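Trainee: Sharing a sequence plus its predicted fold:
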Amino acid sequence: MPNRQVEQTKKKRNIFNIVLILLFIYISDDTLFFGTNSDQTMVTIKYAFIISMSIILLEYSLLRQKECLRKNIYTFAILIICIMVSMVFNNDFRLGYFYKIALLIYAVAIFRLVGFIEFQKIFTDIIVVLALASLIGFLLVYLHIPIVNIAPTVVNNAGGVYRNFGIFITPTSFYSGFVRNYGIFREPGVYQMYLIVALLFHVCSIEIDVSKIIILVLAVVTTMSTTGYIALFF
């Protein structure tokens, strides 16, 4: 019975960690829906979520791992002071600076709660799933499958119109003439960064899954990003 309770606790903890990291990726400046969406309501939701979660997670992580506080507090304090000094010298007290502080707190809290090794694994698995979904979406768009046209549209702050499937997006028109893979991100150049980081995490892990590497590499190739190709080469 105790072993069963331990397994259930571990399972719940793992689900919590997955959701935590998934939300950190999905509700970020890098995605179209929460980053460059012309609907300011979604942008406000992003700010509210990150700021509130950073406070909650920091308190929770401090309660769970008080002994680790001294190891992180100095670096953390220096980074916060740098942001605050920049804010004062620029005489700029907009929400953006406090948002950066909240992002920093969120990131520190995630590493304190999850740990770097576990973060690597979860981050990689999430990006692999998103990459697979984006490859399917890319193929549908490339083959001009009509189902693509049924998705609701989202307009970014530059006036670009995108089809939003939740797990991948695609522009209604490609100005370059080439179909490109955006994933859920505001542009392919941003998407490739997540793919490359996930690829690095995975090839440096103990257990390497070739199928995951293939999915990530194909996703980078379909972004048509020059930076992505250079990073992939190295």
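Mentor: Right, received. Where do you want to start?

Trainee: CA atoms for contacts and neighbours, from now on please.
Mentor: Noted.

Trainee: buried sites along the lowest-mean-pLDDT helix or strand in the chain?
Mentor: Least confident helix or strand of the chain, by mean pLDDT, DSSP states H and E, is helix 69-89 with a mean of 75. Across helix 69-89, burial judged by 16 or more other Cα atoms under 10 Å covers 80, 84, 87.

Trainee: list the helices and strands it packs on?
Mentor: On a contact count with 3 or more Cα pairs under 8 Å, 6 or more residues apart in numbering; DSSP states H and E, helix 69-89 meets helix 95-114.

Trainee: what's the angle between the helix it packs on and helix 69-89?
Mentor: Angle between the axes of helix 95-114 and helix 69-89 is 170 degrees (criterion: axes from the mean of the first three to the mean of the last three Cα atoms, to 10 degrees).

Trainee: now the angle from whichever helix or strand comes after helix 95-114 to helix 95-114?
Mentor: As assigned by DSSP states H and E, the chain's next helix or strand after helix 95-114 is helix 116-142. Using the same axes, to 10 degrees, the direction of helix 116-142 lies 120 degrees away from that of helix 95-114.

Trainee: Show the pLDDT at the residue nearest the centre of the chain.
Mentor: Centrality entry for the chain: nearest residue to the mean C-alpha point is Ile25, 2.1 Å, by Cα atoms, centre = their mean. You'll see Ile25 listed with a pLDDT of 91.

Trainee: residue contacts, it?
Mentor: Residues near Ile25 by Cα atoms under 8 Å, 6 or more residues apart in numbering: none.

Trainee: next structured bit after the strand or helix carrying it?
Mentor: Ile25 belongs to helix 2-26 when elements are defined using DSSP H and E. Sequence-wise, the next helix or strand downstream of helix 2-26 (DSSP H and E) is helix 32-35.

Trainee: for that next one, packing partners?
Mentor: Contacts defined by 3+ Cα pairs under 8 Å, 6+ apart place helix 32-35 against helix 40-64.

Trainee: Name the residues of the helix it packs on that are buried.
Mentor: Quick answer for helix 40-64 (16+ other Cα under 10 Å): 42-43, 46-47, 49-51, 53-54, 57-58, 61.

Trainee: how about a markdown table for these, with distance to Phe185 and pLDDT added?
Mentor: Formatted as a markdown table, these follow (distance: Cα to Cα, whole Å; pLDDT from 0 to 100):
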| residue | distance to Phe185 | pLDDT |
| --- | --- | --- |
| Met42 | 15 | 86 |
| Val43 | 14 | 82 |
| Lys46 | 15 | 85 |
| Tyr47 | 17 | 83 |
| Phe49 | 18 | 85 |
| Ile50 | 18 | 84 |
| Ile51 | 21 | 81 |
| Met53 | 22 | 82 |
| Ser54 | 22 | 80 |
| Leu57 | 25 | 77 |
| Leu58 | 27 | 72 |
| Ser61 | 29 | 66 |
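
Trainee: sorry, back to before: tell me the angle the least confident helix or strand of the chain makes with helix 40-64.
Mentor: Relative orientation of helix 69-89 versus helix 40-64 (the same axes, to 10 degrees): 150 degrees.

Trainee: Now do helix 69-89: distance to the chain's middle.
Mentor: A distance of 23 Å separates the centroid of the chain from that of helix 69-89, by Cα atoms, centre = their mean, to the nearest Å.

Trainee: CA atoms only for it, dumped as PDB, please.
Mentor: The C-alpha trace of helix 69-89 is given here as PDB (Å, rounded to 0.1, in the frame of the first residue of the first chain):
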ATOM      1  CA  LEU A  69      18.200  29.100  -1.100                       C
ATOM      2  CA  ARG A  70      21.800  30.300  -0.300                       C
ATOM      3  CA  LYS A  71      23.200  28.700  -3.400                       C
ATOM      4  CA  ASN A  72      20.800  30.700  -5.600                       C
ATOM      5  CA  ILE A  73      20.000  33.900  -3.800                       C
ATOM      6  CA  TYR A  74      23.200  35.900  -4.700                       C
ATOM      7  CA  THR A  75      23.000  35.300  -8.400                       C
ATOM      8  CA  PHE A  76      19.300  35.800  -8.400                       C
ATOM      9  CA  ALA A  77      19.600  39.100  -6.400                       C
ATOM     10  CA  ILE A  78      22.300  40.400  -8.800                       C
ATOM     11  CA  LEU A  79      20.100  39.800 -11.800                       C
ATOM     12  CA  ILE A  80      17.100  41.400 -10.200                       C
ATOM     13  CA  ILE A  81      19.200  44.500  -9.200                       C
ATOM     14  CA  CYS A  82      20.500  44.800 -12.700                       C
ATOM     15  CA  ILE A  83      16.900  44.900 -14.100                       C
ATOM     16  CA  MET A  84      15.900  47.400 -11.400                       C
ATOM     17  CA  VAL A  85      18.900  49.700 -12.100                       C
ATOM     18  CA  SER A  86      18.200  49.600 -15.800                       C
ATOM     19  CA  MET A  87      14.600  50.600 -15.100                       C
ATOM     20  CA  VAL A  88      15.700  53.500 -12.900                       C
ATOM     21  CA  PHE A  89      18.400  54.800 -15.300                       C
END
